[in-house]
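Undergrad: The following block contains a protein sequence and its predicted model.
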Amino acid sequence: MNNYINIAIIGFGGRGTGLLQSEILPMCERDIRVVSVCDVYEDRAKRAADIVEKAGYPRPAAFTDYKEAIAVSGLKAVVISSAWESHLEVAMAAMKAGLQAATEVGGAYSVEDCWQLVRTYEETGKHCMLLENCCYGREELSVLNMVRSGLFGTIVHCAGGYHHDLRGEITYGKEERHYRLRNYINRNCENYPTHEFGPIAKVLDINNGNRIMTLNSVASCSKGLHEFVMRGEHKDTPLANVNFYQGDVVTTILKCQCGQTVVLTLDTSMARPYSRGFTIRGTNGFYCEDNYSVFLDEVHDDFIWSQNGMWGNAEEYVEKYKHKIWENYSAHGGHGGMDWLVLSAFFESVRTQTRPPIDTYDTATYMAITALSEQSIALSGATVFFPDFTRGKWYHRNDIEDTMFNLDKLEPFADLYQY
C-alpha cells in the first residue's frame, strides 16, 4: 500500500493548466499523484492527461463530467479550477464523497450556496479550502507579522483591491472559452474580492476573534469594456451590441465587530497598472502597497509633507519582519511563489488530517462578499447584514492548530479587550 495523496483536478483553462504544470507536477516528486482530470471540454481534459503522462507519471483518467472524475477509487483530495459558477457545486460533491476539497478563488452566486458549503463541512467533516494565494505572499505575511508585533499600533482601517486590466481576457471570452465574459455581461458585483480580502481577513482575525457585521457596495457606470470593443477587433461582431452590466469600478465597505472598516475595490475593465492596493492603517502608522512604503509615528515625521521621499522604504521592514513560512523558502512557481505555498498548505492539511489554514468558514465568508455586494448594488448601496457562518464560534474558536502553514492567532481572546 502506497502513501500517495491521489488527487483529481477539475478544470483546465489557463489557471488549471498553469497549476498542473508549474506547481502540482513538481510536487509529484514527493507524494502527490494526479489520477483523475476533468474539463467540460474534452480537448482540455485530454491535454491535461497528456501533460501528466509526458512528465513521466502514470496517465490519469480523463473525464468531461466531474461526478465521474471524483468517483475514481483511491482519491483523497480534489483541486477545483473550473469556471466560477461550478466551484461550490463541485466542492460540495467532493466533500460528500469523503474528499478534502480545494477551490480556486472567485465569488459565490448566492449566500445560500455559502451556507450549504458550511453545512456540508459540518455534516461530513471534510473541509473546503479556498486557494487564496495572496495570503501567502512575502509582503503580505511580513505585514501580518508587523501587525501582530504592534508596529502599527491598533489597526483601525484596511483597504485593498483587484486592480487589473482584464479587458482583453474578458472580451475574447468566446474565443478563449472563458467564463468572465458571461459574468461581466450578466452580473454587477464585487466579483473577485478574495485576493485583497484574504490577507486583510488574517490581519483582522476574521472568524477568529472578529467578524464582518455589515456590507455596502456601489458600482460605477459601465463604459470601459464597450469602448474597448469598439476600438478593437470585435467592433464588427455581435459583442459591439452588448450592454455590459458589470460596473467598471465597484467599491465595497465592510464594518467589523471589533470596529474596523475595510474598503475593497474592483477595477478590471479600464486602462490601469496591476495592483492589489494592500493598505493597513493603525494608530501608529501604515503600510501601503502602491508606493511600497511604511510610515511610523515619530520615525518618519520628516516625510509628512513630502511623502514621496519615503516611497519604496518598505523592503527593510518586509525583510526584518519576514514570516517563518518564508525564512527558508526560495520562491518558485507562479505568482512569486504564492501558488506553491497555498497548494503546499492544502496538501499538508490533507497529509496530516488537520484543519486547513483557510478553512470552510473562511471560504464561505470570503466568497459571500460577492453575493452580498450584488444585493447591495441592486439596492443603491443599501446596508446588508453579513451572515455569521461560524454561528457564534468566531470569538472562541478552539480548533486553531499550530501547523507550519497556520495564519491565525492561536490565542485571540485577549485582543477583544483592546477595542
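TA: Ah, there it is.

Undergrad: okay, CA-based contacts and neighbour counts for the rest of this
TA: Noted.

Undergrad: name the element residue 34 belongs to?
TA: Assigned by DSSP states H and E, residue 34 belongs to strand 32-38.

Undergrad: Repeat that for residue 409.
TA: With DSSP H and E as criterion, residue 409 is part of no helix or strand.

Undergrad: What residues does it make contact with?
TA: Listed by CA atoms under 8 Å, 6 or more residues apart in numbering, the contact partners of residue 409 are 205, 208, 400.

Undergrad: Show me which of these is closest to residue 244.
TA: residue 205 (36.3 Å; CA to CA).

Undergrad: Give me the pLDDT for the closest one.
TA: At residue 205, the model reports a pLDDT of 96.

Undergrad: For it, grab the count of nearby residues.
TA: If you count neighbours by other CA atoms under 10 Å, residue 205 ends up with 20.

Undergrad: Check the one 5 residues further on too.
TA: Residues contacting residue 210 under the criterion other CA under 10 Å number 23.

Undergrad: Kindly report the same for residue 306.
TA: Neighbour count of residue 306, defined by other CA under 10 Å: 10.

Undergrad: Look up how far residue 396 lies from it.
TA: Look at residue 306 and residue 396: by CA to CA, to the nearest Å, they are 44 Å apart.

Undergrad: Likewise for residue 199?
TA: 21 Å.

Undergrad: Who has more neighbours out of these two?
TA: residue 199 (24 against 14).

Undergrad: With adjacent residues omitted, what lies nearest to the more buried one?
TA: Closest residue to residue 199 apart from its sequence neighbours, by CA to CA, 6 or more residues apart in numbering: residue 135 at 4.7 Å.

Undergrad: thought the one you found was touching residue 198?
TA: Yes - between residue 135 and residue 198 there is a contact under CA atoms under 8 Å: 5.7 Å.

Undergrad: where do the helices sit along the stretch 301-419 of the chain?
TA: 314-320, 324-327, 338-352, 360-378 (DSSP state H, counting those that start in this stretch).

Undergrad: for the third one, the distance to its chain's centre please.
TA: Spelled out, that is helix 338-352. Centroid separation between helix 338-352 and its chain, computed with CA atoms, centre = their mean, to the nearest Å, is 14 Å.

Undergrad: Show residues contacting it.
TA: Helix 338-352 is contacted from outside by 5, 19, 23, 76-77, 100, 102, 129, 131-138, 331-334, 355-357, 405, using CA under 8 Å, 6+ apart.

Undergrad: That helix: which residues count as buried?
TA: 338-350 (16 or more other CA atoms under 10 Å).

Undergrad: same deal with the second one?
TA: Judged by neighbour count (16+ other CA under 10 Å), helix 324-327 contains these buried residues: 325-326.

Undergrad: outside of that helix, which residues touch it?
TA: Residues outside helix 324-327 that contact it (CA under 8 Å, 6+ apart): 138, 404-405.

Undergrad: which among those gets closest to residue 122?
TA: Closest approach between the contacts of helix 324-327 and residue 122, by CA to CA: residue 405, at 22.7 Å.

Undergrad: For this structure, just list every one of the strands.
TA: Assigned by DSSP state E, the chain shows strands spanning 5-10, 32-38, 61-63, 77-80, 100-103, 128-130, 155-163, 212-219, 249-256, 261-267, 279-282, 285-288, 293-296, 384-385.

Undergrad: most packed of the ones you listed?
TA: strand 128-130 (a mean of 31; mean count of other CA atoms under 10 Å).

Undergrad: who does that one pair up with?
TA: Strand 128-130 sits in its sheet next to strand 100-103 (parallel), going by DSSP bridges.

Undergrad: What's the mean pLDDT across the strand it pairs with?
TA: Averaging pLDDT along strand 100-103 gives 98.

Undergrad: do the same with stretch 374-394
TA: Per-residue pLDDT values across stretch 374-394 average out to 97.

Undergrad: can you check stretch 49-60 too?
TA: For stretch 49-60, the mean per-residue pLDDT is 98.

Undergrad: for stretch 398-405, same thing?
TA: Computed over stretch 398-405, the mean pLDDT rounds to 87.

Undergrad: for that stretch, the distance to its chain's centre please.
TA: Between the centre of stretch 398-405 and the centre of its chain there are 20 Å (CA atoms, centre = their mean).

Undergrad: Using CSV, write out every CA atom in the lowest-mean-pLDDT helix or strand in the chain.
TA: Sorting the helices and strands of the chain by mean pLDDT, DSSP states H and E puts helix 324-327 at the bottom, at a mean of 90. The C-alpha trace of helix 324-327 is given here as CSV (Å, rounded to 0.1, in the frame of the first residue of the first chain):
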residue,chain,number,x,y,z
LYS,A,324,8.6,32.0,9.3
ILE,A,325,7.0,30.5,6.2
TRP,A,326,9.4,32.5,4.1
GLU,A,327,12.5,32.1,6.3
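
Undergrad: Got the domain ranges for this protein?
TA: For the chain, automatic domain parsing gives the domain ranges 5-132, 135-325+360-418.

Undergrad: For the last one, what is the distance to the chain centroid?
TA: To tie it back to what came earlier, the one meant is domain 135-325+360-418. On CA atoms, centre = their mean, the centre of domain 135-325+360-418 falls 9 Å from the chain's centre.

Undergrad: which residues are contacting stretch 176-187?
TA: With CA under 8 Å, 6+ apart as the criterion, stretch 176-187 contacts 13, 83-84, 169-174, 242-246, 374.

Undergrad: Just the buried subset of those, please.
TA: 13, 83-84, 170-172, 244-246, 374.

Undergrad: closest to residue 257 among these?
TA: residue 374 (22.0 Å).

Undergrad: Pick out the residue closest to the middle of the chain.
TA: residue 132 (3.1 Å; CA atoms, centre = their mean).

Undergrad: Just give the number of residues close to residue 364.
TA: 28.

Undergrad: thought it was touching residue 119?
TA: No - in terms of CA under 8 Å, residue 364 does not count as a neighbour of residue 119; the distance is 10.6 Å.

Undergrad: so who does the residue of the chain positioned farthest from its centre touch?
TA: Here the chain reaches farthest from its C-alpha mean at residue 302, the gap being 37.2 Å by CA atoms, centre = their mean. If you count contacts by CA under 8 Å, 6+ apart, residue 302 has none.

Undergrad: how far away is it from residue 308?
TA: 11 Å.

Undergrad: What of residue 39?
TA: As judged by CA to CA, residue 39 and residue 308 stand 49 Å apart.
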